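S.K.: got a sequence here, can you build the structure:
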Amino acid sequence: HRRNYEINDFVFTTRHQHIAELVFEQVLVNQDLRFQKYISVISKLDIDYESDFLVFIALTNAKKLMDSFKDIEKIRQIYSIAYENVGEISSLLQQESIFEMRANGGSFEKADKLLEKANEIDPDNIFISHSKAVFLLRKAEKSTQELLSKKHLNAAKEICNKIISNKRNKNIVHGYHTLLQIYLLELKTLILNENSELISKKIQEFEKTINLAMQLYPNESFLLESESNFNELIKNTPKALESLKTAFEINKRSPYLSTRLSNYYAENEEIELAMSVLLESISLNPNNKDLNFLYAKLLMKSEPENYIDLKHYLRKSFTKNDKRYVAQFWYARTLYLLGEDEFKSFFNVLSNASLDYRIKKEVRGVITLDGDDTFFEGTITKLEGSYGFVKQDYTGESIYFYRGRKLQELGFNSRVKFKKAFNYNGLIAILEE
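M.R.: A predicted model of the protein is given here:
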């Protein structure tokens with residue numbers, strides 16, 4: 001059992017988790033029977049015991065309840081029974097407020113009161129604060145009064161910025177997510193009002209925020225969602241695209257405007273246009289790390305084996321010992337492909353970086369020739385249960401490979417064919433299975 005910060009909630013884990021889901025979702029397909037089972041379990045849990053508390057949190061999770069029951073009155077009854085058992089604890093108040101906020105037929109007024117009460121009980125709870133920011137955003141979306149909507153959005157931004165500014169918070173990622181949603185709503189309003197000057201400013205705010213979030217959380221799906229939502233807004237609103245183009249023509253020095261316009265072209269497969277926008281801005285900002293890295297990424301799509309130019313733009317995408325690890329990874333790969341020994345020192349830094357091990361182990365950057373994966377040959381020199389090493393013909397390189405189930409029959413001194421790719425630890429062989 002643990003708090004899952006990706007979904008901003010407690011989850012209960014067990015070796016029999018799938019069995020539990022089978023009982024609730026497949027065996028108890030009848031909503032009334034499922035409801036009775038929920039009531040029976042929730043009313044008997046003793047949250048003074050940690051295991052019971054975690055089960056209680058999981059069963060009263062707003063999203064889980066909305067997935068499990070179509071009738072919102074049943075969900076309200078479940079919360080009522082839950083309060084009878086444990087009283088008004090902040091986590092339960094928060095979940096009920098999320099339910100009232102999101103459910104069809106939910107009450108915004110009730111959600112507001114529940115959040116206020118949760119905040120009174122636990123004023124320093126950052127998760128409750130974030131729920132308040134989301135609530136204010138939803139109120140702004142529903143409001144027909146521009147001044148009132150603006151007031152809600154400013155209050156929500158204040159909460160998000162407070163969450164983000166406290167580096168000890170483990171909920172920072174959700175602060176960024178909601179802040180980006182706020183900027184998109186503000187941008188939509190400005191476009192409708194045709195306020196070119198403020199549109200330009202808002203685009204720059206959005207780009208600055210998403211760029212910072214991407215450096216900190218490169219694998220978070222909400223960033224791709226925010227990027228896609230921005231591009232959809234531009235694509236579906238001719239005025240927005242014209243505003244963006246005009247803003248860029250007026251201020252080509254702005255890395256935020258050039259990035260947004262370039263990303264729009266790239267998403268619409270207009271790679272040459274996307275690259276030309278970036279080059280114009282790079283000529284005015286030759287040392288801007290973000291612009292150089294974005295150009296390098298597009299170059300990898302258009303000319304993946306142009307290693308000389310890739311080296312130039314990737315090297316200007318970071319400074320030594322900074323945390324731009326993605327740029328450093330692709331630079332290290334490029335150095336290897338150019339036969340420069342310095343690649344080893346960069347992979348050494350990456351392997352020791354304080355990053356999620358899943359990011360570090362992810363295999364990427366398969367070596368190609370004329371756009372096709374390149375195959376190499378070699379001999380197995382070492383075998384362990386879950387990994388091994390292959391010695392490449394001609395170069396004599398000893399390369400690590402992961403030994404999955406399909407490679408368990410592999411023997412010492414076996415001859416093999418393999419691709420070469422990379423992770424944050426360096427070179428990886430991908431053996432044919």
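
S.K.: buried residues of stretch 220-239, list them for me.
M.R.: Going by neighbour count (16 or more other CB atoms under 10 Å), the buried part of stretch 220-239 is 220, 222-223, 226-227, 230-231, 233-234, 237. All C-beta atoms are positioned from the backbone trio N, CA, C, and that covers glycine.

S.K.: before we move on, what about stretch 280-290?
M.R.: The neighbour-count check on stretch 280-290 (16+ other CB under 10 Å) flags 280-282, 285, 288-290 as buried.

S.K.: where exactly do the strands run in the stretch 1-150 of the chain?
M.R.: Remark: strands assigned in the stretch 1-150 of the chain by DSSP state E, counting those that start in this stretch are 2-4, 9-11.

S.K.: what about the strands in the stretch 251-400 of the chain?
M.R.: Secondary structure of the stretch 251-400 of the chain, counting by DSSP E, counting those that start in this stretch: strands at 368-369, 372-373, 376-383, 387-392, 398-402.

S.K.: so residue 427 belongs to a helix, correct?
M.R.: No - per DSSP: H, G, I helix; E, B strand; the rest coil, residue 427 lies outside any helix segment and is strand.

S.K.: got a list of what it touches?
M.R.: Under the criterion of CB atoms under 8 Å, 6 or more residues apart in numbering, the contact list for residue 427 reads 336, 397, 399-400, 420-421.

S.K.: and which of those residues is nearest to residue 388?
M.R.: residue 400 (7.7 Å; CB to CB).

S.K.: gap between residue 323 and residue 217?
M.R.: Plainly put, residue 323 is 12 Å away from residue 217 if you go by CB to CB, to the nearest Å.

S.K.: the more surrounded of those two?
M.R.: Higher neighbour count among residue 323 and residue 217: residue 217, with 17 against 13, using other CB atoms under 10 Å.

S.K.: give me the number of residues near the closest residue to that one other than its chain neighbours?
M.R.: Of all residues not flanking residue 217 in the chain, residue 173 sits nearest, at 5.3 Å (CB to CB, 6 or more residues apart in numbering). Neighbour count of residue 173, defined by other CB under 10 Å: 19.

S.K.: pretty sure residue 173 sits against residue 220.
M.R.: Yes - here residue 173 reaches residue 220: they are 6.0 Å apart, a contact under CB atoms under 8 Å.

S.K.: which neighbours do those two share?
M.R.: residue 213.

S.K.: correct me if wrong: residue 140 contacts residue 153.
M.R.: Yes - between residue 140 and residue 153 there is a contact under CB under 8 Å: 4.8 Å.

S.K.: correct me if wrong: residue 376 contacts residue 417.
M.R.: Yes - the pair residue 376 / residue 417 is scored as a contact, 7.1 Å apart, by CB under 8 Å.

S.K.: ok, those two, which is more surrounded?
M.R.: residue 376 (18 against 12).

S.K.: if I look at the more buried one, how far off is residue 391?
M.R.: Separation of residue 376 from residue 391 (CB to CB): 11 Å.

S.K.: check residue 64 too.
M.R.: For residue 64, the distance to residue 391 - CB to CB - is 52 Å.

S.K.: repeat that for residue 74.
M.R.: Using CB to CB, one obtains 64 Å as the distance from residue 74 to residue 391.

S.K.: which ones are touching residue 204?
M.R.: Residue 204 neighbours (CB under 8 Å, 6+ apart): 254, 256-257.

S.K.: mind redoing it with 10 Å?
M.R.: With contact set as CB atoms under 10 Å, 6 or more residues apart in numbering, residue 204 has these partners: 247, 251, 254-257, 259-260.

S.K.: report the buried members of the residues you listed.
M.R.: In the contacts of residue 204, the ones that pass as buried (16+ other CB under 10 Å) are 247, 254-257, 259-260.

S.K.: of the residues you listed, closest to residue 357?
M.R.: Each of those was scored against residue 357 by CB to CB, and residue 259 proved nearest at 30.2 Å.

S.K.: any of the contacts of residue 427 buried? List them.
M.R.: Neighbour-count burial (16+ other CB under 10 Å) is assigned, among those, to 336, 399-400, 420-421.

S.K.: including distance to residue 56, could those go into TSV?
M.R.: Output for the buried ones among the contacts of residue 427, formatted as TSV (distance: CB to CB, whole Å):
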residue	distance to residue 56
336	52
399	50
400	45
420	51
421	45
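
S.K.: and the two most separated of the residues you listed?
M.R.: Within the buried ones among the contacts of residue 427, 336 and 400 form the most distant pair, 14.1 Å apart (CB to CB).

S.K.: just give the nearest non-adjacent residue to residue 103, would you?
M.R.: If the residues on either side of it in the chain are set aside, residue 103 comes closest to residue 72, at 5.2 Å by CB to CB, 6+ apart.

S.K.: repeat that for residue 155.
M.R.: In space, and not counting its chain neighbours, residue 155 is closest to residue 136: 5.2 Å by CB to CB, 6+ apart.

S.K.: also residue 398?
M.R.: residue 389 (5.1 Å).

S.K.: that neighbour: what's it in contact with?
M.R.: So residue 389 contacts 378-383, 397-401, 429 (CB under 10 Å, 6+ apart).

S.K.: beta-bridge partners for it, please?
M.R.: Counting by DSSP bridges, residue 389 is bridged to residue 382, residue 400.

S.K.: sorry, back to before: just put the buried residues of stretch 280-290 in a markdown table and tack on distance to residue 93.
M.R.: Shown next, in a markdown table, are the buried residues of stretch 280-290 (distance: CB to CB, whole Å):
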| residue | distance to residue 93 |
| --- | --- |
| 280 | 53 |
| 281 | 48 |
| 282 | 51 |
| 285 | 49 |
| 288 | 46 |
| 289 | 44 |
| 290 | 41 |
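
S.K.: ok, residue 277 - contacts?
M.R.: Contacts for residue 277 (CB under 10 Å, 6+ apart) come out as 245, 248, 252, 257-266, 270, 291, 294-295.

S.K.: for the closest residue to residue 70 other than its chain neighbours, the count of nearby residues, please.
M.R.: Computed as CB to CB, 6+ apart, the closest residue to residue 70 that is not its neighbour in sequence is residue 31, at 6.7 Å. Residue 31: 13 surrounding residues under other CB under 10 Å.

S.K.: now swap in residue 136 and tell me
M.R.: So residue 136, with other CB under 10 Å, has 25 neighbours.

S.K.: ok, it touching residue 157?
M.R.: Yes - with contacts defined as CB atoms under 10 Å, residue 136 counts as touching residue 157 at a distance of 9.0 Å.
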